[in-house]
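In: Okay, structure incoming, though there's no sequence with it:
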């Protein structure tokens, strides 16, 4: 039973193994999040929140445990990318162009960490892993919403 729980924990923490990609594991985790959300079209507010909020809280716990196994914000930990990418695409109309734009916006803000987002990485344990991606997701969501007002994306 213990091995099964550790296996499930590893699967979730590493985004079904995308965290073990030899390069750009966070990018692979973000791509997985886009694929998952693509197949859950038209999430209403409550079902969407029922997906994101528990995964964010679970992500804090998983990231804390992952740091004990692999080190501080180690590359196998990509549950934070999944949640941040889902936040980015949460209120977005289901279109390839918006999903691609959302993917690149989230990756940009996750790497750049503007507006003091980088300081949240100093939070203890899994909070430091998750909060910067949640904020990058919110910032990406806001930018993506602005893009939906342009003729190209509308």
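Out: That came through fine. This one's a predicted model, so the numbers in the text were calculated from it and none came from an experiment. Numbers count the residues shown, from 1 in each chain.

In: Show me the shaky parts of this protein.
Out: Within the chain, the segments meeting pLDDT under 70 span 41-45, 154.

In: and with 80 instead?
Out: Where the chain drops to pLDDT under 80, the residues are 40-49, 153-154.

In: Mind listing what's buried along the helix of greatest length in the chain?
Out: The single longest helix within the chain, with elements called by DSSP state H, is helix 45-70. For helix 45-70, the neighbour count (16 or more other CB atoms under 10 Å) marks 48, 51-52, 55-56, 58-67 as buried. Where C-beta positions appear, they are placed from N, C-alpha and C, glycine not excepted.

In: any chance you could map the helices in the protein?
Out: Taking DSSP H, the helices of the chain run over residues 2-13, 25-38, 45-70, 79-89, 96-112, 125-147.

In: Phi first, then psi, for residue 77.
Out: phi -80, psi 110 (degrees, to the nearest 10).

In: That one contacts residue 65, correct?
Out: No - counting by CB atoms under 8 Å, residue 77 sits too far from residue 65 to count as a contact (9.3 Å).

In: related to what we said a few turns ago, and the helices of the chain: which comes nearest residue 153?
Out: helix 125-147 (4.8 Å; CB to CB).
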